[in-house]
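Using only what follows, build the 3D model:
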Amino acid sequence: MSRPISRREALVLGGLGTAGVVVGAWGLSRTGLPWTAADGVAVPGAPGVGAGWTEPEVLRPTDGLLRTELVAARTEVELAGRRARTLTYNGTVPGPTWRIRPGDVLEVRVVNELDAPTNLHTHGLAVSPQGNGDNPFVTIEPGEAFDYRFEIPEDHPAGVFWYHPHHHGHVADQIFGGLYGTIVVDGDDVPVARERVVMVADTSLTADGEVRSVGAREQMLGREGDLVLVNGQLAPVLSARPGERERWRVVNACTSRYLRLALPGQDVQLIGIDGGHEPEPTDVEEVLLAPGNRADLLLTTRAGTGVLRSRGHDRVGGMMMGGAGLSGPVVLATLEVAGEPAVAPEPVPARPAAADLRDRQPDARREITFTMAMGGMMRGAGGGRGPGPGGTMSVGFDGREFDPDRTDQAVALGTVEEWTIRNPTPLSHPFHLHVWPMQVVDDDGEVPTAPRWRDVVDVPAGGSVRVLVDARRHPGRSVYHCHVLDHEDAGMMATVEVG
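Numbers count the residues shown, from 1 in each chain. Alright, predicted model coming up:
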């Protein structure tokens, strides 16, 4: 029988994490390419470091319809200055960027040329989970194709979202392998000199250029790759003129890595995270993104050279020495600002106030608890994998691992519920609910003053978060899960049915 983790076992878990870090470092050293120093700083002149800035292909609708095809396949591409065989959408890492507007229709044929089943999740979009909508229970077998249709509501929030596979048991491997892309929902135009998609993801390569497989210890903690890429590049270089305003659409597409973003020496403002937006642009020195989170940033440039980096984040509750090796510091890109100053940009237009459900009495209240227990099998129904022969740990919610045939939460359509999400485990867990937006009302003791809408909320080790779940539309069945994707594949996922 499984039992909760004790403090002593949590410390052992931390020790396993150290071993996982050693494995990761070995994986990097055997490639023969010293991309980064120990402090995460890209080594100048190393192969693949400091290439010019590039972005994925951009696809837009015609007459309100974006019809496209995504071919998921193993492809030879260039990553970090060398040839590598990774998983790609349409032969590129990342896949194309889709730019749509509220009221548009998105039709996507997914063709599976992989050797494992796959499917597609439009992360953060508030669309139907039924049939060929955002349905996580769809299976596309190797050699098969499936036609998706996503109808974007007329009042859908603008912002940055993303797409990726979501077939249980294969999610971490397929995203780590390179299957991801950005979705931008336009509709809140801001005067800027340019927009950039900044898609951050990590992976690891073997000496022969294959995506490195990970062992039980890395799965237990959540894998973090040796290469942290921006739009498929290693520490690329951007250029701008002084005084220009840019809009950066940042996606954390890492399987487990948290990003604590900072760009010292530049004026950075936050205008939104996930599908939510700030009442007005807010000056920030750093922004924390859990896996799956996105940030909408305004950057007003100052002359000089700046480094975009993640400062590192301890996601193990202090159980491991400083969280060494888990979401550690890393350089992401370099910004070079020079030339004639630009004309001052026009003011940012006011945005309509975000919806606020706090004055409404919840129709129901629930408590949901992350579970990590010793003595069970770390697995997941439908293909999840364990930490090694015999298994030592099980993960899930409320003492149960994922079962796609079980309904864990039945919610009445047209209601607003209050969910308290508790995390008594020694690791932070980002909680992601598909389809139905969440308004955060208590963030581990912090009570937001303005409406705060998220689709991924980080629940720190030993902490809790309280949210209002908006189930007033989109009937159907979907899931919530930990967005440390090895945990999801191992069983830390559950079902919710709205009807």
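
C-alpha only now, for contacts and for neighbours.
Fine.

Residue 359: how many residues sit nearby?
Residue 359 is surrounded by 6 other residues when neighbours are defined as other Cα atoms under 10 Å.

Please tell me how far the residue nearest to residue 180 when sequence neighbours are not counted sits from residue 49.
Counting by Cα to Cα, 6 or more residues apart in numbering, the nearest residue to residue 180 once its immediate chain neighbours are dropped is residue 164, at 4.6 Å. Between residue 164 and residue 49 the distance is 26 Å, computed by Cα to Cα, to the nearest Å.

same deal with residue 170?
30 Å.

what's the neighbour count on residue 219?
Using other Cα under 10 Å, residue 219 has 25 other residues around it.

let me redo that: residue 163
Applying the criterion other Cα under 10 Å, we find 20 residues in the vicinity of residue 163.

need the next SSE after whatever helix or strand residue 417 lives in, C-terminal direction.
Assigned by DSSP states H and E, residue 417 belongs to strand 415-422. In the C-terminal direction, the helix or strand that comes right after strand 415-422 (DSSP H and E) is strand 429-433.

how much space between the most centrally placed residue in the chain and residue 50?
With distances taken as Cα atoms, centre = their mean, the residue of the chain nearest its centroid is residue 292 (1.8 Å). Shown here: residue 292 relative to residue 50, a distance of 26 Å by Cα to Cα.

Over to residue 286?
Per Cα to Cα, residue 286 is found 23 Å from residue 50.

The two - which one has more neighbours?
Under the criterion of other Cα under 10 Å, the comparison of residue 286 against residue 50 puts residue 50 first, with 22 against 18.

Let me know whether that one touches residue 236 as I believe.
Yes. Applying Cα atoms under 8 Å as the test, residue 50 and residue 236 come out as touching, 4.4 Å apart.

mind listing the helices for the stretch 51-200 of the chain?
In the stretch 51-200 of the chain, helices defined by DSSP state H, counting those that start in this stretch lie at 171-177, listed in chain order.

show me the contacts for the residue nearest to the centre of the chain.
The neighbourhood of residue 292, defined by Cα atoms under 8 Å, 6 or more residues apart in numbering, consists of 123, 251, 252, 253, 254, 456, 483.

Report the buried members of the residues you listed.
Buried positions within these, assessed by neighbour count (16 or more other Cα atoms under 10 Å), are 123, 251, 252, 253, 254, 456, 483.

now, which of those sits nearest residue 55?
residue 251 (13.0 Å; Cα to Cα).

Any figure for the gap between the closest one and residue 129?
Relative to residue 129, residue 251 is positioned 22 Å away (Cα to Cα).

So which bits of stretch 74-94 are buried?
Buried positions in stretch 74-94, judged by neighbour count with 16+ other Cα under 10 Å: 74-81, 84-94.

That stretch spans what distance, first to last residue?
Across stretch 74-94, first to last residue, Cα to Cα, it's 13 Å.

picking up where we left off before, who does the residue nearest to residue 180 form a beta bridge with?
Beta-bridge pairing of residue 164, defined through DSSP bridges, involves residue 121.

Which helix or which strand is home to residue 346?
Using DSSP H and E, no helix or strand contains residue 346.

Give me the neighbour count for the residue nearest to it when sequence neighbours are not counted.
Leaving aside its chain neighbours, residue 346 sits nearest to residue 191 (6.3 Å; criterion: Cα to Cα, 6+ apart). Each residue near residue 191 was counted by other Cα under 10 Å, and the total is 14.

Repeat that for residue 151.
Residues contacting residue 151 under the criterion other Cα under 10 Å number 17.

do you know how far the closest residue in space to it that isn't next to it in sequence is from residue 124?
In this structure, residue 151 finds its nearest non-sequential neighbour in residue 105, 4.7 Å apart by Cα to Cα, 6+ apart. From residue 105 over to residue 124 the distance is 16 Å, taken as Cα to Cα.

pLDDT score for residue 81?
Residue 81 carries a pLDDT value of 82.

so it touches residue 49, yeah?
Yes. Under the contact definition of Cα under 8 Å, residue 81 touches residue 49, with a separation of 7.3 Å.

Flag the shaky bits of the chain, pLDDT-wise.
Regions of the chain meeting the criterion pLDDT under 70 cover residues 1-48, 317-325, 375-392.

Longest strand in it, please.
strand 65-79 (DSSP state E).

Could you list every helix and strand in contact with that one?
For strand 65-79, the packing partners by 3 or more Cα pairs under 8 Å, 6 or more residues apart in numbering; DSSP states H and E come out as strand 82-89, strand 105-112.

Just send the ones you listed back as TSV, with distance to residue 178 too.
As requested, the helices and strands packed on strand 65-79 are exported to TSV (distance: least, Cα to Cα, whole Å):
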stretch	distance to residue 178
strand 82-89	5
strand 105-112	14
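
so which of these comes closest to residue 186?
Closest approach to residue 186 among these is made by strand 105-112 (13.5 Å; Cα to Cα).

Direction included, what does that closest one pair up with?
For strand 105-112, the paired strands and their directions (DSSP bridges) read strand 65-79 (parallel), strand 145-151 (antiparallel).

Check what contacts it and list those residues.
The contact list for strand 105-112 (Cα under 8 Å, 6+ apart) reads 64-73, 118-120, 140-152.
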